[in-house]
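Novice: Model the structure of this input:
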Amino acid sequence: MSNPTPDPIKKKPAPPSSLTGDEATASTSNFIRSTIDADLAAGKYATRTWGGRPGTAVTHKGAPADPAKIRTRFPPEPNGYLHIGHAKSICLNFGLARDYGGACHLRFDDTNPEKEEQEYVDAIVDTVTWLGFNWGAHLYYASDYFDVMYEAAQRLIETGHAYVDQQTAEEMRASRGTLTEPGKNSPYRNRSAEENLRLLREMRDGKHADGSMVLRAKIDMASPNINLRDPALYRIRRATHHRTGDKWCIYPMYAYAHPLEDALENVTHSVCTLEFADQRPFYDWLLERLADGGLLQRPLPQQIEFARLNLTYVVLSKRKLIQLVDDKHVAGWDDPRLPTLAGARRRGYTPEGFRLFAERIGVSKADSWIDYSVLEDCMREHLNDIAERRIAVLDPVKLVIDNYPDDREEECFAPNHPQKPELGKRAVPLSRELWVEREDFMETPAKGYFRLFPGNSVRLRYGYVVKCTGCDKDAQGNVIAVHCEYDPDTKSGTPGADKVKVKGNIHWLSARHAYPCEVRLYDRLFKDPHPGSGDRDYINDLNPDSIKIIAAQLEPALQTALPEQRFQFERHGYFVADLRDSRPGVPVFNRAVTLRDSWGKH
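Specialist: Presented below is the predicted three-dimensional model:
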């Protein structure tokens with residue numbers, strides 16, 4: 001076992017732009033930026049006025065006109081907590097808007113009241129703010145536009161582009177066709193506009209049962225793109241909405257609502273992930289028809305797809321995340337092992353680390369896998385820069401300095417950050433009895449072991465050189481105390497301190513001054529890089545060692561740590577005072593990430 005390196009820096013420091021203030025999250029060139037550059041050079045949006053409807057300056061909640069060159073949006077559905085995959089989209093959309101002098105809207109696509117709650121809205125607002133982004137006046141909801149969406153549905157009927165269908169769900173599914181066979185027209189497809197308008201109003205007024213009717217677009221049931229085979233636009237659903245209450249009993253489908261929201265907010269570049277590529281023809285079809293009908297103004301938003309984040313050792317499926325929470329495999333949505341951003345925050349991950357991660361992985365059109373170690377490295381880089389150093393003994397055993405007076409105490413001085421001398425030093429008390437790591441003593445040393453063993457000398461970091469003289473054991477043969485003697489002329493920072501050369505350097509704490517503390521050693525939730533691949537149940541890939549709770553001995557300065565205050569525990573990794581469970585004077589610490597990648601050999 002080799003001697004530990006006290007303060008490693010695994011990778012070169014990130015450029016200042018990735019660690020300070022308004023850093024560029026995606027400053028390198030990519031196909032999205034090329035599209036935006038071309039649009040701006042052509043003056044595509046130069047004459048566009050605020051408001052998606054001709055003749056109006058504002059179409060929603062009185063948001064002020066502003067001179068944004070481009071508009072992007074982050075449009076979460078308020079039916080769950082954001083996860084690590086969302087961080088890429090958040091950083092991309094807000095970063096593009098910032099870098100181009102534009103605006104990014106935070107918009108909640110609240111079109112499914114049965115699954116949406118204010119709790120999720122609040123959590124999403126909190127998370128995006130935590131990541132360091134500000135939408136200003138541009139906070140919107142799909143429900144802001146329900147009246148306009150209904151008006152657009154009437155306009156589509158009037159222009160012959162939509163109809164009310166009374167087929168059952170099973171009949172519609174059977175008539176939709178397959179990837180190789182065309183669909184069949186609904187027997188209700190050729191109703192008159194007047195009849196369809198009457199039925200739509202009856203749907204709105206609650207005169208028909210849930211599921212008995214839907215409004216469908218009239219496009220092409222033989223289209224090779226199944227998304228163009230007369231997709232549903234509205235369904236009847238008697239459910240109380242968290243914002244509009246019981247005003248509506250019909251709700252727009254997401255695929256219908258989303259492009260309308262973009263147009264009404266003057267979004268220029270609707271950036272989304274690749275699974276929406278097949279929906280783009282409908283996105284364009286809908287907006288073109290409504291612009292032709294005079295309801296929307298041109299130029300219209302354009303949808304651009306990029307590859308979503310595929311990260312090893314995690315699951316990002318909402319269904320699987322819900323199962324992990326509901327079946328108690330984790331302790332809630334903010335469990336530090338869960339790949340939610342709320343969990344990552346409690347784990348000790350930083351917004352700057354996520355922004356650096358988004359910049360490092362970039363954007364592309366092709367799906368690929370990013371190893372989880374890339375995210376961990378980004379966190380290490382930022383934490384190495386910001387985290388002050390402290391001492392913690394995680395698996396303590398007594399070290400007794402037999403020739404040190406029992407009634408004596410003195411101060412040793414440790415730097416708060418070895419790369420930042422301007423942060424100064426702190427006093428670490430030393431006394432006769434110390435805590436050291438159990439692994440720092442071996443009665444019979446292995447080859448290359450330079451720490452404590454009988455007859456060997458090591459340096460107590462920031463303190464003296466000591467020579468091991470032996471150990472005490474209990475009746476079962478377990479070591480309960482290690483003994484040594486110190487050289488009083490070797491105190492660190494004093495003249496002649498280096499006269500005795502040793503290979504080992506260990507950390508320690510005064511047993512009289514240290515305090516016990518709960519420390520949670522978190523690791524990856526899954527032991528396999530692709531949980532559930534093949535025919536396996538992903539639950540069987542859970543890592544049984546994803547959390548270990550220990551009673552550690554900590555430096556007294558750590559007792560006043562505030563929630564979310566981060567430190568490097570020397571030799572052990574980066575830790576954070578838990579956001580939820582820490583109390584004044586009684587912090588609980590979570591390990592965010594180790595000093596080195598311990599999974600590289602897996």
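
Novice: does residue 575 sit in a helix, a strand or a coil?
Specialist: With DSSP: H, G, I helix; E, B strand; the rest coil as the basis, residue 575 sits in strand.

Novice: check which helix or strand covers residue 132.
Specialist: Per DSSP states H and E: residue 132 is located in neither a helix nor a strand.

Novice: backbone phi and psi for it, please?
Specialist: phi 100, psi 20 (degrees, to the nearest 10).

Novice: Without its sequence neighbours, what residue ends up closest to it?
Specialist: Nearest residue to residue 132, sequence neighbours excluded (CB to CB, 6 or more residues apart in numbering): residue 351, at 4.7 Å. All C-beta spots, glycine's among them, are computed from the backbone N, C-alpha and C.

Novice: Pull up the gap between that neighbour and residue 563, please.
Specialist: Note on residue 351: its distance to residue 563, by CB to CB, to the nearest Å, is 16 Å.

Novice: more neighbours, the two?
Specialist: Set residue 351 next to residue 563 and count neighbours by other CB atoms under 10 Å: residue 351 wins out with 19 against 16.

Novice: got the contact list for the more buried one?
Specialist: 130-132 (CB atoms under 8 Å, 6 or more residues apart in numbering).

Novice: Check residue 500 and give its pLDDT.
Specialist: At residue 500, the pLDDT value in this model is 89.

Novice: Mind telling me what element residue 592 is part of?
Specialist: Counting by DSSP H and E, the element that carries residue 592 is strand 589-593.

Novice: buried stuff in that strand?
Specialist: Applying a neighbour-count criterion of 16 or more other CB atoms under 10 Å, one finds 589-593 buried in strand 589-593.

Novice: can you redo the residues you listed as CSV with pLDDT?
Specialist: Formatted as CSV, the buried residues of strand 589-593 follow (pLDDT from 0 to 100):
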residue, pLDDT
589, 98
590, 98
591, 98
592, 98
593, 97
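
Novice: which residues sit in contact with the closest residue to residue 487 other than its chain neighbours?
Specialist: Leaving aside its chain neighbours, residue 487 sits nearest to residue 465 (4.9 Å; criterion: CB to CB, 6+ apart). Neighbour list for residue 465: 457-459, 486-487, 490, 500, 502 [criterion: CB under 8 Å, 6+ apart].

Novice: Return the item of those having minimum pLDDT.
Specialist: For these, the minimum pLDDT belongs to residue 500; the value there is 89.

Novice: Is it correct that that one is in contact with residue 490?
Specialist: Yes: contact criterion CB atoms under 8 Å: residue 500 and residue 490 qualify, at 5.3 Å.

Novice: what about residue 543, neighbour count?
Specialist: Neighbours of residue 543 using other CB under 10 Å come to 15.

Novice: One more: residue 137?
Specialist: Residue 137 is flanked by 12 other residues according to other CB under 10 Å.

Novice: Just the pLDDT for it.
Specialist: We have a pLDDT of 92 for residue 137.

Novice: Which strand or helix spans it?
Specialist: For residue 137, there is no helix or strand it lies in under DSSP H and E.

Novice: Tell me where the stretch 51-200 of the chain has helices.
Specialist: 84-99, 118-130, 146-158, 169-175, 193-204 (DSSP state H, counting those that start in this stretch).

Novice: sorry, that was for the chain
Specialist: For the chain, applying DSSP state H gives helices covering 31-41, 84-99, 118-130, 146-158, 169-175, 193-204, 254-264, 280-292, 318-326, 341-347, 351-361, 372-386.

Novice: Would you mind putting those helices into TSV with mean pLDDT and distance to residue 422 alongside?
Specialist: TSV is the format used below for the helices of the chain (pLDDT from 0 to 100; distance: least, CB to CB, whole Å):
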stretch	mean pLDDT	distance to residue 422
helix 31-41	94	37
helix 84-99	96	30
helix 118-130	95	28
helix 146-158	97	56
helix 169-175	95	67
helix 193-204	98	66
helix 254-264	96	48
helix 280-292	97	53
helix 318-326	94	43
helix 341-347	97	28
helix 351-361	96	20
helix 372-386	97	14
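
Novice: any chance of these in JSON lines, plus distance to residue 248?
Specialist: Shown next, in JSON lines, are these (distance: least, CB to CB, whole Å):
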{"stretch": "helix 31-41", "distance to residue 248": "35"}
{"stretch": "helix 84-99", "distance to residue 248": "28"}
{"stretch": "helix 118-130", "distance to residue 248": "17"}
{"stretch": "helix 146-158", "distance to residue 248": "6"}
{"stretch": "helix 169-175", "distance to residue 248": "21"}
{"stretch": "helix 193-204", "distance to residue 248": "7"}
{"stretch": "helix 254-264", "distance to residue 248": "12"}
{"stretch": "helix 280-292", "distance to residue 248": "20"}
{"stretch": "helix 318-326", "distance to residue 248": "25"}
{"stretch": "helix 341-347", "distance to residue 248": "30"}
{"stretch": "helix 351-361", "distance to residue 248": "37"}
{"stretch": "helix 372-386", "distance to residue 248": "41"}
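
Novice: of those helices, which approaches residue 535 most closely?
Specialist: helix 318-326 (15.8 Å; CB to CB).

Novice: How about residues contacting the closest one?
Specialist: The contact list for helix 318-326 (CB under 8 Å, 6+ apart) reads 79-81, 83, 315, 329-330, 332-333, 335, 338-340, 538-539.

Novice: Pick out whichever of those sits closest to residue 383.
Specialist: Nearest to residue 383 out of the contacts of helix 318-326 is residue 339 (CB to CB; 18.5 Å).

Novice: my guess is that closest one meets residue 314, correct?
Specialist: Yes: judged on CB under 8 Å, residue 339 makes contact with residue 314 at a distance of 4.2 Å.

Novice: that older thread, quick check, nearest of the buried residues of strand 589-593 to residue 548?
Specialist: Closest to residue 548 out of the buried residues of strand 589-593 is residue 591 (9.2 Å), distances taken as CB to CB.

Novice: can you give me the strands in the stretch 201-350 of the chain?
Specialist: Here the stretch 201-350 of the chain has its strands, by DSSP state E, counting those that start in this stretch, at 214-217, 232-236, 250-252, 269-273, 302-306, 310-311.

Novice: Please convert the ones you listed to JSON lines, extending it with mean neighbour count and mean pLDDT.
Specialist: JSON lines is the format used below for the strands of the stretch 201-350 of the chain (neighbours: other CB atoms under 10 Å; pLDDT from 0 to 100):
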{"stretch": "strand 214-217", "mean neighbour count": "24", "mean pLDDT": "98"}
{"stretch": "strand 232-236", "mean neighbour count": "21", "mean pLDDT": "98"}
{"stretch": "strand 250-252", "mean neighbour count": "25", "mean pLDDT": "97"}
{"stretch": "strand 269-273", "mean neighbour count": "21", "mean pLDDT": "96"}
{"stretch": "strand 302-306", "mean neighbour count": "19", "mean pLDDT": "96"}
{"stretch": "strand 310-311", "mean neighbour count": "18", "mean pLDDT": "94"}
